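Asks: Pasting the sequence and the predicted model now:
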Amino acid sequence: MKFKLFHKKTVFIVCVCLLIIAVIVLAFITLNRTVNIETKKSYTKPVSVGEVRKINFYTVDSGQRELIKKYAEEYWDFEYFIDFHDIGLDYSTKDITEIIMDKLINEPDSIDLYCVPAYATQFVKGELSEYACTFKELGIDVKKALKKADIPQYIIDNGSNPEGELITLPYNATVSLFVYRRSVAKEIFGTDDPDEINKIIGGGTNSWDRFIEAAKTLKENGYYIVSGYMDLAVAVDNSFSLTDNGEINPAWIEYMDVAKYLYDKGYIKDTRIWTQNWYDALDDKGDKVFGYITFTDNFINMTLENTAEDWAACMAPYNIIYNFNLGIMVNKNSPNKDILGPFIEWLTLDSSKAGYQYRAASEGYQRNRYTSNDKISVILGRVLKKANGSRKFFEGQNLNPLIYEILKNPYNKSYSYYSNYDEDFLSWQDDVVGPYVVEGKPKDEVIKNFMSRLAMQKPEEDKVIVWKSKNFENVIRKILLKPTSDIYLSDLYKITSLNLDYRDIESLEDIVHFKNLKWLSCQSNQISDISYLKELPDLQALYLNNNKIKEIDSLKELKKLKELSLWSNDISDISPLSGLTEIKTLYLGSNKIKDISSLEKMINLEYLDLSYNDISDISGLKGLKKLTYLMLNDNKISDISPLTGLKALKNLNLDNNSISDLSGIEDLINLESLHMSNNNISDVTKLAGLTNLMYLYLNDNKIQDIGVLSNLKNLRSLEVRNNKIKDISNLRGLPHLGSLDMSGNIRNVGDNSIEVIDEEIIIEDTAE
């Protein structure tokens, strides 16, 4: 009895214990799901069985391919296809940006996600902002997320549309840093502590004063503070070039003055950034350099052998905020908003350990196959405070507190970036700072030259443009990213280059509004009248191939032209070009030109194409001593003696003419390539002295003896098809000859083998 009673109690106790354990396990599972609910609930949406979601993604940032790919692999448990279009061989930044605008307007169902360059603010602040989903429309609790995220207000403002609704956010933080060698810091300043070095170089002070003092100390001890003036540029606000009063950005003026002072004192050199000498200096292989100014994460793939892990970072003198794109936006017309909203939230506002921000800042996130899986600087303050941002490159230094402080206290609240169209700041460095600092050109002179390029439209002269050509207008609207709103003269003052190829344009009347154009291409259109081009006196390069042009009289006003291409038109009179003595490159092929006497004054010509015309007299070329490339094929030339004296020629094409006498050719001793196929040549003895020749083409002539060609020891390729050659034994001594085409000549080579030829020899038996 006792035994049975004891057994029952045991069973009861065991059952109760198992029940308690089950309850605990269930509670734990439930709690665990509750804790992780933010990692799953937000990122999985019900999708119909068998449905395949296609995501069309257009972007200027190729690294976003990996972002959405990894997100989809982790969170999407349905069939999907991502059609990704980015910059590369097929598309430039400009191309992608124009495609995005075109699709948003004309094919709204063909684009889901898009990302444009930072200069294209019309997509956020202008008329193109209406196509972007707000974060609220994507199902994001913006107020709650922002409160939790700790993002500076200016970043939120930069990503909000004109109605104040958030439509985009950057997901990485790109800020200026001063990166320095720890060993040098200890040697010169007695410490490598980033806080102390920050004080010494004036990090975040919005002044160059302490930086200059530090440079002096370093110079006294044999070190440059940085390699060159271009290193300083990263700590300069380049978010605008001109003030509202039309004056140069004051920070740019200060930059050139500081650079000049440092250079004159010998505190820096003129080493260009990203060159081999620059890398060598950082790796202790060249000049002794303390550090360099860069923006975050630009050091991820720096390969330095001698100075590896000898680096630390502090603030640069100015805390500059950069941005190279405006973040990823969702098209308001996308049918995939339900699954893309969670992606945007995960990328930009999720501060949990599952979100991109925390993972990138603490674990690393490989942006593409070319980069390492290193930690990345992010935008959320909440993440920067709790994630461990230690970097191997900086000997374990945690960059996150530094990034957080810079984001909170920037010098500029509008993003700095390099414009795709005007490239003002790059031009400022190359055309103003460089000549002033290194070459010693007068400050006022270089600034004046720069300002003339940026000549701003006077307010009293500004007006809305009334376009004459709809096709022309459409191109400009794409460039300016203004699909519908009025375009003013002031909108055009910064456009210095313009591509209008293949636009079916008939009239160039609208070109008169582009007073600052230096580069213009209007190839393959329907243009016949180019008289309006005389209004562009600063034009330096002009391409008008494949049009219907007959008269070119207006071109005589374009005195600054250096490149001109009029290939494939209907031109016969080229006399208006005689005064354009600055031209170096001239394409006039496929026209109806007979008289080229007007070219004799164009003494700076280096590249000249006169092929496919009606030319017989080439005496107009006599004085063109700088010519290196000359195309005269497919004309009616028999006398080539006027070429005597053109010793700079390296490439000459005389195919398809009526040449029998080679007199004059012997003087062209620097020729490397010569085409004289399909003429009436029988004697090639005058080629014997052209020992620099590497490529020689003499097909379809009347040549019997090529023995003199044995002197051409640099010959690599020889074509003599369809001649009357029988003996090739003399070619045996040509050490570099790798290609020989003698088809249509000899019956058989017999014992005349050519042992030195190591590539295919084409020798066709012509016997019946």
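Replies: Perfect, I can see it now.

Asks: low-scoring stretches of the stretch 451-600 of the chain, by residue?
Replies: Residue ranges of the stretch 451-600 of the chain with pLDDT under 70: 453-461.

Asks: Tell me where it has helices.
Replies: Assigned by DSSP state H, counting those that start in this stretch, the helices in the stretch 451-600 of the chain fall at 470-480.

Asks: do the stretch 201-350 of the chain as well
Replies: Going by DSSP H, counting those that start in this stretch, the stretch 201-350 of the chain shows helices at 209-220, 229-232, 250-264, 276-282, 337-348.

Asks: taking the mean pLDDT, what do you get for the shortest one?
Replies: Throughout helix 229-232, pLDDT has a mean value of 94.

Asks: which one of the helices of the stretch 201-350 of the chain is the most hemmed in?
Replies: Comparing the helices of the stretch 201-350 of the chain by mean neighbour count (mean count of other Cβ atoms under 10 Å), helix 229-232 comes out on top with a mean of 25. No exception for glycine: its C-beta is placed from N, CA and C like everyone else's.

Asks: and that helix, what other elements does it pack with?
Replies: Under the contact criterion of 3 or more Cβ pairs under 8 Å, 6 or more residues apart in numbering; DSSP states H and E, helix 229-232 touches helix 250-264, strand 291-295.

Asks: What's the first helix or strand after the lowest-mean-pLDDT helix or strand in the chain?
Replies: Here the helix or strand of the chain ranked lowest by mean pLDDT, DSSP states H and E is helix 37-40, holding a mean of 35. Following helix 37-40 in sequence order, the next helix or strand is strand 52-59 (DSSP states H and E).

Asks: Identify all contacting residues around that next one.
Replies: With Cβ atoms under 8 Å, 6 or more residues apart in numbering as the test, strand 52-59 has contacts from 47, 64, 68, 76, 78-86, 96, 99-100, 103, 110-115, 325, 328, 336, 339-340.

Asks: Filter the residues you listed down to just the ones in helices.
Replies: In helices, judged by DSSP state H, the following of those are found: 64, 68, 96, 99-100, 103, 339-340.

Asks: ok, back up a step: closest to residue 394 out of the helices of the stretch 201-350 of the chain?
Replies: Closest to residue 394 of the helices of the stretch 201-350 of the chain, according to Cβ to Cβ: helix 276-282, at 13.9 Å.

Asks: now the closest one: mean pLDDT?
Replies: 91.

Asks: pull the CA atoms of that helix into CSV?
Replies: Taking Å, rounded to 0.1, in the frame of the first residue of the first chain, the C-alpha atoms of helix 276-282 are listed here in CSV:
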residue,chain,number,x,y,z
GLN,A,276,51.7,56.9,-56.1
ASN,A,277,53.9,59.5,-54.5
TRP,A,278,51.1,60.4,-52.1
TYR,A,279,50.6,56.7,-51.2
ASP,A,280,54.4,56.2,-50.8
ALA,A,281,54.6,59.2,-48.4
LEU,A,282,51.9,57.7,-46.2
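
Asks: Where does the prediction get shaky in the protein?
Replies: Scanning the chain for pLDDT under 70 picks out 1-50, 89, 299-301, 366-373, 416-423, 453-461, 747-768.

Asks: Would you mind giving the domain segments of it?
Replies: According to automatic domain parsing, the chain comprises the domains 2-35, 52-170+324-387, 199-316+417-453, 652-768.

Asks: Same list (the ones you listed) but as a markdown table, adding distance to residue 537.
Replies: What follows is the domains of the chain, written out as a markdown table (distance: least, Cβ to Cβ, whole Å):
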| stretch | distance to residue 537 |
| --- | --- |
| domain 2-35 | 71 |
| domain 52-170+324-387 | 26 |
| domain 199-316+417-453 | 12 |
| domain 652-768 | 34 |
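
Asks: Can you say which of those domains is nearest to residue 402?
Replies: Minimum separation from residue 402 across the domains of the chain (Cβ to Cβ) falls at domain 199-316+417-453, 6.5 Å.

Asks: thinking again about what came up before, right, and the helices and strands packed on helix 229-232 - which one's nearest residue 220?
Replies: Closest approach to residue 220 among the helices and strands packed on helix 229-232 (Cβ to Cβ): helix 250-264, 14.0 Å.

Asks: List the contacts of residue 120.
Replies: 97, 326, 481.

Asks: surely the first one meets residue 117?
Replies: Yes. With contact defined as Cβ atoms under 8 Å, residue 97 reaches residue 117; the gap is 6.4 Å.

Asks: Which one's more surrounded, these two?
Replies: The residue with more neighbours, out of residue 97 and residue 117, is residue 97; 26 against 23, by other Cβ atoms under 10 Å.

Asks: What's the local residue count around residue 83?
Replies: Other residues near residue 83 come to 12 when the count uses other Cβ under 10 Å.

Asks: who's it bridged to?
Replies: Beta-bridge partners for residue 83, by DSSP bridges, are residue 56.

Asks: How much space separates residue 290 from residue 193?
Replies: Residue 290 is 15 Å from residue 193, where distance means Cβ to Cβ, to the nearest Å.

Asks: swap that for residue 712, please
Replies: 69 Å.

Asks: Neighbour count for those two, which is higher?
Replies: For residue 712 versus residue 193, neighbours defined as other Cβ under 10 Å are more numerous around residue 712 (22 against 15).

Asks: ok, that one - contacts?
Replies: Applying Cβ under 8 Å, 6+ apart to residue 712 gives the contacts 687-688, 690-691, 693, 696, 734.

Asks: May I see the buried residues of the helix or strand where residue 73 lies?
Replies: Following DSSP H and E, one finds residue 73 within helix 64-75. The neighbour-count check on helix 64-75 (16 or more other Cβ atoms under 10 Å) flags 64-65, 67-68, 71-72, 75 as buried.

Asks: got it, and stretch 695-706?
Replies: 695-701, 703, 705-706.

Asks: which ones among these are found in strands?
Replies: Using DSSP state E, 695-697 are the members of the buried residues of stretch 695-706 that sit in strands.

Asks: Kindly reformat those as CSV and extend each row with distance to residue 217.
Replies: Output for these, formatted as CSV (distance: Cβ to Cβ, whole Å):
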residue, distance to residue 217
695, 59
696, 64
697, 66
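
Asks: before we move on, the earlier item: in JSON lines, list the ones in helices among the contacts of strand 52-59 along with distance to residue 277.
Replies: Formatted as JSON lines, the ones in helices among the contacts of strand 52-59 follow (distance: Cβ to Cβ, whole Å):
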{"residue": "64", "distance to residue 277": "34"}
{"residue": "68", "distance to residue 277": "39"}
{"residue": "96", "distance to residue 277": "34"}
{"residue": "99", "distance to residue 277": "39"}
{"residue": "100", "distance to residue 277": "39"}
{"residue": "103", "distance to residue 277": "44"}
{"residue": "339", "distance to residue 277": "50"}
{"residue": "340", "distance to residue 277": "46"}
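
Asks: if we take the residues you listed, which one ends up nearest to residue 645?
Replies: Of all the ones in helices among the contacts of strand 52-59, residue 96 has the smallest distance to residue 645: 50.2 Å, by Cβ to Cβ.

Asks: Check whether that closest one really touches residue 90, as I assumed.
Replies: No. At 9.4 Å, residue 96 does not count as touching residue 90 under the criterion of Cβ under 8 Å.

Asks: With neighbour numbers in mind, choose between those two.
Replies: Between residue 96 and residue 90, residue 96 has the larger neighbour count (other Cβ under 10 Å), namely 23 against 9.

Asks: Okay, angle between the helix holding residue 73 and helix 337-348 too, please.
Replies: Using axes from the mean of the first three to the mean of the last three Cα atoms, to 10 degrees, the inter-axis angle of helix 64-75 relative to helix 337-348 is 110 degrees.
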